[in-house]
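Peer 1: Here's a sequence, model it:
(one chain, ligands or ions: 2)
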Amino acid sequence: MAYFPNIEKIKYEGPKTDNPFAFRHYNPDEVILGKTMKEHLRFSVAYWHTMTQDGSDPFGLPTNQRNWFGATPMETARNRVDAFFEILEKLGAEYFCFHDIDVAPAGDSLEEFFANLDEITDLIKAKMDETGIKLLWNTANMFSHPRFVNGAASSNNAEVYAYAAAQVKKGLDISKKLGGKNYVFWGGREGYESLLNTDMGFEQDNIARFFKMAIAYAEKIGHKPQFLLEPKPKEPMKHQYDFDAATAMAFILKYGLEGDFKLNLEANHATLAGHTFEHELNVARCYDALGSIDANQGDVLLGWDTDEFPTNIYDTTLAMYEILENGGIAPGGINFDAKVRRTSFEQDDLFLAHIAGMDTFARGLKAAAKIKEDRFLADIREKRYASYTEGIGKKIVDNQEDFESLTAYALDHDDIKIVSNHLELVKSELNDYLV
Ligand code: XUL
Ligand code: CO
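Peer 2: Ligands and ions are numbered 1, 2, ... in the order given. As a prediction, this is how the structure comes out:
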């Protein structure tokens, strides 16, 4: 059965089309800077927002109209696999991501949960084999169930820690079965509510032990996906340990995990941390740790994780510039960790929303490629640091100077000429690339 009988495969029809179910900017086979748009963008659809989100909010009941509900939770889970792959195929998205509980019901025991996961991931595997669609990453939901009220690997309760380990072990077995490219840890409740009752150092040591066990298990089963840590500053916890890219890197480096871990950076998490998305991507690049991205956007007027589909070309341009400067995002991708608004409740809105996000990233890619080709930002930066390319500046970067030699130099050269950044001009010229 087709769950979207009125929707055909989404095609590129160009900016002039009046067909809302067509790409206006994302042209998968168009070559930009030597790679197709599809190769650059590596789009992924998130199982949770797309298949399980119901449109409810703290004040209201579900609004979403969906046609895949069955008589039992397992029947619904089976239907969802078919509906999800119909969406992926019709969108032409090559990748997908999921949490364990997105795909299979938890049942009444851990054993039943694992059996449900085995059955559903067999169905997913059959669909992957049939369509060639690949698993960008999977992860374990260790934040929804009440047992995780105090965290998972950071829990004060060792039995919760063991339960979480069992979930991640299963997640890695599934990653092996489905050929997952990456494996994500987002510490949904790895943080604290009050320092009055928290031993932060102990909790972080325990999280690091947990990650090392995950690495050891992946090595043992001969399937090592790229591990990714996803920072977020707050929500649900008041303070989360992986606050932002820089904090997550400090953790990774402190515990010697840099050989196995990179970052999965999410746009709305960046803004919650008081950063731009490009700031987070740039921090990751400074550590050679840009792994993958969760594409979405927040709302400047709201202080929480609204997970909106990305429609801001300014942001996607600067994000794509970072990705181009990184030499691409593979083996990561651009995963739409985004949900339709509660008022966009028709099932076909799932397509309209993904098309909007894919087109917005395609426009960002095109603008960023032009910025790179023209060396627009590269030249501005090169010129700004020109004083380090010769004379005293060159000697500083060649490590040939010390405080005494620099003092001698400064005594002779204290009539310093400084130049304006002309930043308003830069921003105005940048606008020309966006439209
Ligand atoms: C939550 C969030 C998660 C992670 C995966 O804000 O971003 O969906 O991406 O657990
Ligand atoms: Co995310």
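
Peer 1: May I ask you to confirm that residue 350 is in contact with residue 340?
Peer 2: Yes: using C-beta atoms under 8 Å, residue 350 is in contact with residue 340, at 6.4 Å. C-beta: built from backbone N, CA, C; applies to glycine.

Peer 1: And residue 353, what's its pLDDT?
Peer 2: On pLDDT, residue 353 comes in at 98.

Peer 1: Numbering from 726 from now on, please.
Peer 2: Noted, 726 is the first residue going forward, which turns the last one into residue 1078.

Peer 1: How many residues are close by it?
Peer 2: Neighbour count for residue 1078, taken as other C-beta atoms under 10 Å: 21.

Peer 1: Residue 841 now?
Peer 2: Count around residue 841 with other C-beta under 10 Å applied: 20.

Peer 1: With the one 5 residues further on instead?
Peer 2: By the criterion of other C-beta under 10 Å, residue 846 has 24 neighbours.

Peer 1: For the stretch 976-1125 of the chain, what lies in contact range of ligand 2?
Peer 2: Taking C-beta under 5 Å from the ion as the contact definition, the stretch 976-1125 of the chain meets ligand 2 at 991, 1019, 1062.

Peer 1: ok, now which ones touch the first one?
Peer 2: Read that as residue 991. 955-957, 1018-1021, 1062 (C-beta atoms under 8 Å, 6 or more residues apart in numbering).

Peer 1: Next: the last one.
Peer 2: With contact taken as C-beta under 8 Å, 6+ apart, residue 1062 is in contact with 771, 774, 822, 991, 1019-1021, 1032.

Peer 1: Would you check which pair of the residues you listed lies furthest apart?
Peer 2: 822 and 1032 (13.6 Å; C-beta to C-beta).

Peer 1: And the two? Which one has more around it.
Peer 2: Counting neighbours by other C-beta under 10 Å for residue 822 and for residue 1032 shows that residue 822 has the greater number, 25 against 22.

Peer 1: Can you classify the more buried one by secondary structure?
Peer 2: strand (DSSP: H, G, I helix; E, B strand; the rest coil).

Peer 1: Looking at the contacts of residue 1062, which are in strands?
Peer 2: The strands in this structure, assigned by DSSP state E, contain 771, 822, 991, 1019-1020 from these.

Peer 1: can you list the contacts of residue 991 in JSON lines and add pLDDT and distance to residue 844?
Peer 2: Shown next, in JSON lines, are those (pLDDT from 0 to 100; distance: C-beta to C-beta, whole Å):
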{"residue": "955", "pLDDT": "98", "distance to residue 844": "28"}
{"residue": "956", "pLDDT": "98", "distance to residue 844": "34"}
{"residue": "957", "pLDDT": "98", "distance to residue 844": "32"}
{"residue": "1018", "pLDDT": "98", "distance to residue 844": "31"}
{"residue": "1019", "pLDDT": "98", "distance to residue 844": "28"}
{"residue": "1020", "pLDDT": "98", "distance to residue 844": "31"}
{"residue": "1021", "pLDDT": "98", "distance to residue 844": "31"}
{"residue": "1062", "pLDDT": "98", "distance to residue 844": "26"}
